[in-house]
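A.B. asks: coordinates only, sequence not included:
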């Protein structure tokens, strides 16, 4: 009798512990969409993701080579004109695209064309205009390494120091991702609600992303890093798709520099 | 032999014809009334601009409340800030599917500060905006919207009844600037972006500005002041990017906004 009760209690305890286990980094996020089987090697997937983010940021923000940053690295799953960033379009083109995207018109584009669009955006963010005033100073603090350019931005840091951002990401259960040894913030993205705090100008995030995630069964991760500028810090949000390969590789689908004023 | 039992609400043909005629007339009349009572955006813009200028003059305790007098008393750069932001406030608040609902302008009750361009002021990024009072319901409407989304780095520049925005020598911006406990909303899938901020503990108190330029990692020109400076442009031969982009982004009126102020001295970071 006692043994049976103890056994039952033990089983109950095991079940309870299973229910309370810390979710894996890529376990489903509550709020949007249905449950999803987590990839078997979440830690490996995160290591690959961190390495890809570091490679990208080093090429773009440190070495200032937008082409090298995106060359061969853009997502095919999101190769669609709706994901072309506003900075790569004229105002008139952008307006036309926004209207088309809100009508859910899919206009696929080649991987090469998508890379070119991302490269244009990254180049514009560097604004490295040789015809500009000679007195121009780079906003990125002079540095030779990504480690020195990044500012720790773990969930704990964000919760403590940037409560307005934490309000938007806390329920996404963000985790720390070590990018070049510096903690950054990462979380799974299911739909527009997960990244709308960036107020992105890229119309595909709002009107098309959720459908592509579902239809192509891709895992999308947002990585939020903080970069040291010469006068202040800014956050850089990069969005990555595993292209349905269970985290074996990560391809870029968007870069956001949320406004800070 | 027996009288036909008429169901409740039953009417004979003549009665039906008369009722239909009355209903038709009512419909026509209602349509006519609607046509009269539904002003165009141009008319609404004129009406709201005047009302907001009167509210501004009332708050500032100006002697004249005549909107034309108040408007003409603004420096050209402040006119540009006022004109562009009031137009931008006509953006419809959209639901999850992008369907338009009420416009933000419907929730703006008063303008209390019209902050213009102030070159050579380090706090330039805080200056180009309207300090406003919102009506109830805006915060909830924005929280439920898909195009004006909750974001980060909110700021509310409080108005000052005497001096402040209408004093060109005023520089004590830090004493009026609230950045903590501020709720902010930014316009998504639009460039430039409207930004609406309000105090968390008093959502009636807020400010509105327009963010023209995305953040740069390297900045030759746009590092700092690019809020609501509708009239500013890079030195020639650069195109008037702000004005063109704004008028494409804010297409609610029959004519594009022509700026009363334009220069290339207040545009790039060197000006500050």
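C.D. replies: Alright, I've got the coordinates. Since we're looking at a predicted model, the values are computed, not measured.
A.B. asks: Tell me how far residue B:136 lies from residue B:196.
C.D. replies: To residue B:196, residue B:136 is 15 Å away according to Cβ to Cβ, to the nearest Å. In this view, the C-beta of every residue, glycine as well, is placed from N, C-alpha and C.
A.B. asks: who has more neighbours, those two?
C.D. replies: residue B:196 (27 against 10; other Cβ atoms under 10 Å in any protein chain shown).
A.B. asks: mind checking which helix or strand the more buried one is in?
C.D. replies: strand B:193-199 (DSSP states H and E).
A.B. asks: Pull out the buried residues from the helix or strand that that strand is followed by.
C.D. replies: As assigned by DSSP H and E, the chain's next helix or strand after strand B:193-199 is strand B:202-211. Of the residues in strand B:202-211, B:203-211 count as buried by neighbour count, 16 or more other Cβ atoms under 10 Å in any protein chain shown.
A.B. asks: Identify the farthest-apart pair in those.
C.D. replies: B:204 and B:211 (22.9 Å; Cβ to Cβ).
A.B. asks: Residue A:89 contacts residue A:97, doesn't it?
C.D. replies: Yes: using Cβ atoms under 8 Å, residue A:89 is in contact with residue A:97, at 6.4 Å.
A.B. asks: Please pull out the lowest mean pLDDT helix or strand from chain B.
C.D. replies: Lowest on mean pLDDT, DSSP states H and E among the helices and strands of chain B sits helix B:13-37, with a mean of 51.
A.B. asks: outside of the next helix-or-strand element following that helix, which residues touch it?
C.D. replies: Downstream of helix B:13-37, the first helix or strand assigned by DSSP H and E is helix B:41-59. Helix B:41-59 is contacted by residues B:39, B:64-67, B:70-71, B:82-83, B:86-87, B:90, B:105, B:108-112, B:114, B:133, B:159, B:161, B:252-255 when judged by Cβ atoms under 8 Å, 6 or more residues apart in numbering or on different chains.
A.B. asks: Buried among these? Need that as a selection in ChimeraX.
C.D. replies: Buried members of the contacts of helix B:41-59, defined by 16+ other Cβ under 10 Å, are picked up in ChimeraX with:
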select /B:67,70,71,82,83,86,87,90,105,108,109,110,111,112,114,133,159,252
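A.B. asks: In strands only, show me the contacts of helix B:41-59.
C.D. replies: B:108-112, B:114, B:133 (DSSP state E).
A.B. asks: Which members of these define the maximum pairwise distance?
C.D. replies: Between all members of the ones in strands among the contacts of helix B:41-59, the farthest pair (by Cβ to Cβ) comes out as B:109 and B:114, at 15.4 Å.
A.B. asks: thought residue A:126 was touching residue A:65?
C.D. replies: No: applying Cβ under 8 Å as the test, residue A:126 and residue A:65 come out as separate, 9.5 Å apart.
A.B. asks: Comparing the two, which shows the higher neighbour count?
C.D. replies: It is residue A:126, of residue A:126 and residue A:65, that has more neighbours when counted by other Cβ under 10 Å, with 20 against 17.
A.B. asks: Does residue A:57 touch residue A:147 like I think?
C.D. replies: No: judged on Cβ under 8 Å, residue A:57 makes no contact with residue A:147 at a distance of 10.6 Å.
A.B. asks: so what sits against both of these two?
C.D. replies: With Cβ under 8 Å, 6+ apart as the test, residue A:57 and residue A:147 both reach residue A:180.
A.B. asks: Who has more neighbours out of the two?
C.D. replies: Neighbour totals were compared for residue A:57 and residue A:147, and residue A:57 leads with 24 against 14 (other Cβ under 10 Å).
A.B. asks: Tell me who's in contact with the residue nearest to that one when sequence neighbours are not counted.
C.D. replies: Residue nearest to residue A:57 in three dimensions, not counting chain neighbours: residue A:146, with 5.7 Å by Cβ to Cβ, 6 or more residues apart in numbering or on different chains. Counting by Cβ under 8 Å, 6+ apart, residue A:146 makes contact with A:54, A:57-58, A:61-62, A:179-180.
A.B. asks: Give me the buried positions along the host helix or strand of residue A:114.
C.D. replies: Assigned by DSSP H and E, residue A:114 belongs to helix A:111-126. By neighbour count on 16+ other Cβ under 10 Å, the buried set for helix A:111-126 is A:114-126.
A.B. asks: Then stretch A:72-88?
C.D. replies: Under 16+ other Cβ under 10 Å, the buried positions of stretch A:72-88 are A:73-75, A:77-88.
A.B. asks: mean confidence for it?
C.D. replies: Averaging pLDDT along stretch A:72-88 yields 94.
A.B. asks: ditto for stretch A:250-261
C.D. replies: If you average the pLDDT values across stretch A:250-261, you get 90.
A.B. asks: Whether it contacts chain B - can you check?
C.D. replies: Yes: interface with chain B: stretch A:250-261 contributes A:257-261 (Cβ under 8 Å from any Cβ of the partner chain).
A.B. asks: Let's test this: what are the backbone torsions at residue B:150?
C.D. replies: Here is the backbone geometry of residue B:150 (degrees, to the nearest 10): phi -60, psi 130.
A.B. asks: residue contacts, it?
C.D. replies: Counted by Cβ under 8 Å, 6+ apart, residue B:150 has contacts A:167-168, A:196-197, B:142-143, B:183-185.
A.B. asks: ok, 7 Å please
C.D. replies: By Cβ atoms under 7 Å, 6 or more residues apart in numbering or on different chains, the residues touching residue B:150 are A:168, A:197, B:143, B:185.
A.B. asks: rewinding a little: among the buried residues of helix A:111-126, which are in reach of chain B?
C.D. replies: A:125-126 (Cβ under 7 Å from any Cβ of the partner chain).
A.B. asks: Redo the buried residues of helix A:111-126 as CSV? Include pLDDT.
C.D. replies: Formatted as CSV, the buried residues of helix A:111-126 follow (pLDDT from 0 to 100):
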residue, pLDDT
A:114, 97
A:115, 97
A:116, 97
A:117, 97
A:118, 97
A:119, 97
A:120, 94
A:121, 94
A:122, 94
A:123, 90
A:124, 86
A:125, 87
A:126, 84
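A.B. asks: Just the helices from chain A, written as ranges.
C.D. replies: Here chain A has its helices, by DSSP state H, at A:2-20, A:42-57, A:66-70, A:91-102, A:111-126, A:146-149, A:155-161, A:163-169, A:192-195, A:203-207, A:209-216.
A.B. asks: For residue A:151, which non-adjacent residue is closest in space?
C.D. replies: residue A:226 (4.0 Å).
A.B. asks: Report how many residues lie close to the one you found.
C.D. replies: 22.
A.B. asks: From chain B, how far out is residue A:116?
C.D. replies: Distance of residue A:116 to chain B, computed by Cβ to the nearest Cβ, to the nearest Å: 18 Å.
A.B. asks: For stretch B:156-165, measure first residue to last.
C.D. replies: Taking Cα to Cα, to the nearest Å, stretch B:156-165 runs 14 Å from one end to the other.
A.B. asks: Can you pull out the residues in contact with it?
C.D. replies: Counting by Cβ under 7 Å, 6+ apart, B:59-61, B:112-115, B:126, B:129, B:131, B:170, B:173, B:176-178, B:182, B:197-199, B:205-207 sit against stretch B:156-165.
A.B. asks: Can you flag the buried ones in those residues?
C.D. replies: B:59-60, B:112-115, B:126, B:129, B:131, B:173, B:176, B:178, B:182, B:197-199, B:205-207.
A.B. asks: so the residue in the stretch 51-200 of chain B positioned nearest to chain A bridges to which residues?
C.D. replies: Closest residue of the stretch 51-200 of chain B to chain A, Cβ to the nearest Cβ: residue B:186 (3.5 Å). Note on residue B:186: beta-bridge partners by DSSP bridges are residue B:149, residue B:195.
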